[in-house]
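got a sequence here, can you model it:
(one chain, ligands or ions: 1)
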Amino acid sequence: MSEARVNTVLKIGGSVITDKSGELAAKTNEINRIAEEIKKANTQGLVVVHGGGSFGHPYAQRYGLKEGLKQESQKLGFSETHHVMTVLNGLVMDAFVWHAVQAISITPSSCLITENGRISDFADAPLKRYVNMGFMPVLYGDAVLDTKLGFTILSGDQLLSYLASNLHAERMIVGVDVDGVCESDPKIDDDARLLKNLTLQDLKKLQVRLGKPTSSDVTGGMLGKIAELVPAVEKGIEVTIINAMKPNYVYRALKGDPVEGTVIRKE
Ligand code: IP8
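Numbers count the residues shown, from 1 in each chain. You can find the predicted model right below:
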């Protein structure tokens, strides 16, 4: 079969589509608005990944899933964590289908395996075929099997970067609940200065400076996000980080129109 024509991989952060101060708290208005923007942008060759927010993270943390299988009782936690992710994904899929987007959900725990937390095996033939046929695959951070750890938590960011690299995407767009990458943590510092353009060199310095992830986020917050994006950026895939809470930012980023945020390039 010919190569899948994936152009853009878009990540919608869990903090955008859920309320992270609650548990199992979906922001259905935001989910619907973003589905509408994606419909309106009509981007060809688009793959969407969403995060776990107040669905996946509290469960993954409660059962210590990221560190792997240590006791039998965690297996129920694995089932629960994966299940709540399918519930959130169902809400996202609801919004896409009702906005007449040809979206198709692809379950990471059923088609990929990690080794020590890194994707090592991905049965991507269906995904590629869906893209070739004009569908928009929708994936998410998930509880997944791991050859060394038994199981672990795969972040949507690792998935985003992996898909962009392996499907030879031209760009990645990351929608978060802040304006982009800032010099300090914008959730603590009101005067945090937005960094509009970064190179990999700048990124490395920033990794040292950016704050620790919040305790509710088992996959590492902004710091984890940036570390995950590096391999794709190294391959020359540009990343734009935008505030997806702001109406039409996702739409404008997809259209390639000017939009406030942080663009990260190789150099
Ligand atoms: O929100 C993690 O995905 P992320 C998903 O993209 C789970 O880090 C299950 C916690």
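
spatially nearest residue to the residue in the stretch 101-250 of the chain that the ligand sits nearest to (excluding sequence neighbours)?
The nearest approach of the stretch 101-250 of the chain to the ligand comes at residue 141, 2.0 Å away (CB to the nearest ligand atom). Glycine gets a C-beta too; all of them are placed from N, C-alpha and C. The shortest distance from residue 141 to any non-neighbouring residue, by CB to CB, 6 or more residues apart in numbering, is to residue 156 (3.8 Å).

mind checking pLDDT for that neighbour?
pLDDT recorded at residue 156 is 97.

residues near it, how many?
Using other CB atoms under 10 Å, residue 156 has 28 other residues around it.

for it, which residues are in contact?
Taking CB atoms under 8 Å, 6 or more residues apart in numbering, we find residue 156 in contact with 11, 13, 14, 49, 50, 51, 52, 139, 140, 141, 219.

alpha carbons of the lowest-mean-pLDDT helix or strand in the chain, in CSV - could you do that?
Ranked by mean pLDDT, DSSP states H and E, the weakest helix or strand in the chain is helix 200-209, scoring a mean of 80. Provided in CSV are the C-alpha atoms of helix 200-209 (Å, rounded to 0.1, in the frame of the first residue of the first chain):
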residue,chain,number,x,y,z
LEU,A,200,16.2,22.7,20.0
GLN,A,201,19.2,24.5,21.5
ASP,A,202,16.8,26.9,23.4
LEU,A,203,14.7,24.0,24.4
LYS,A,204,17.5,22.2,26.2
LYS,A,205,18.3,25.2,28.3
LEU,A,206,14.6,25.6,29.1
GLN,A,207,14.2,22.0,30.3
VAL,A,208,16.4,22.9,33.2
ARG,A,209,14.5,26.1,34.0
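
roughly how far out does that helix sit from the chain middle?
The chain centre lies 21 Å from the centre of helix 200-209; the measure is CA atoms, centre = their mean, to the nearest Å.

then residue 222 would be within a strand, right?
No: using DSSP: H, G, I helix; E, B strand; the rest coil, the secondary structure at residue 222 is helix, not a strand.

I'd say it and residue 180 touch.
No: Residue 222 is beyond contact range of residue 180, at 9.8 Å (criterion: CB atoms under 8 Å).

of the two, give the one with the bigger neighbour count.
residue 222 (26 against 22).

look up how far residue 185 lies from the more buried one.
From residue 222 over to residue 185 the distance is 8 Å, taken as CB to CB, to the nearest Å.

how about residue 6?
Distance, residue 6 to residue 185, by CB to CB: 32 Å.

flag the shaky bits of the protein, pLDDT-wise.
For the chain, applying pLDDT under 70 flags the ranges 1-4, 209-221, 223-224.

need the helices for it, in chain order.
All helices of the chain, identified by DSSP state H, fall at 14-17, 28-41, 53-62, 74-98, 108-111, 125-132, 156-166, 200-209, 221-234, 249-255.

skipping adjacent residues, who's closest to residue 251 in space?
Closest to residue 251 by CB to CB, 6+ apart is residue 37, at 3.9 Å.

which ones are touching the closest residue to residue 38 other than its chain neighbours?
Leaving aside its sequence neighbours, residue 38 sits nearest to residue 101 (CB to CB, 6+ apart; 6.1 Å). Each residue near residue 101 by CB under 8 Å, 6+ apart is listed here: 35, 38, 39, 136.

check residue 63 too.
Here residue 63 is in contact with 73, 74, 76, 77, 78, 80, 81 (CB under 8 Å, 6+ apart).

most surrounded residue in the residues you listed?
Counting by other CB under 10 Å, top hit in the contacts of residue 63: residue 81 with 28 neighbours.

so that one sits against residue 143, correct?
Yes: applying CB under 8 Å as the test, residue 81 and residue 143 come out as touching, 4.3 Å apart.

give me the common contacts of these two.
Counting by CB under 8 Å, 6+ apart, the residues touching both residue 81 and residue 143 are 56, 60, 65, 153.

which residues sit in contact with the third one?
So the one you mean is residue 65. Residue 65 sits next to 59, 74, 77, 78, 81, 143, 151, 152, 153, 218 when contact means CB under 8 Å, 6+ apart.

out of the shared contacts of residue 81 and residue 143, who's near the ligand?
Restricting the shared contacts of residue 81 and residue 143 to those touching the ligand (CB under 6 Å from any ligand atom) yields 56, 60, 153.
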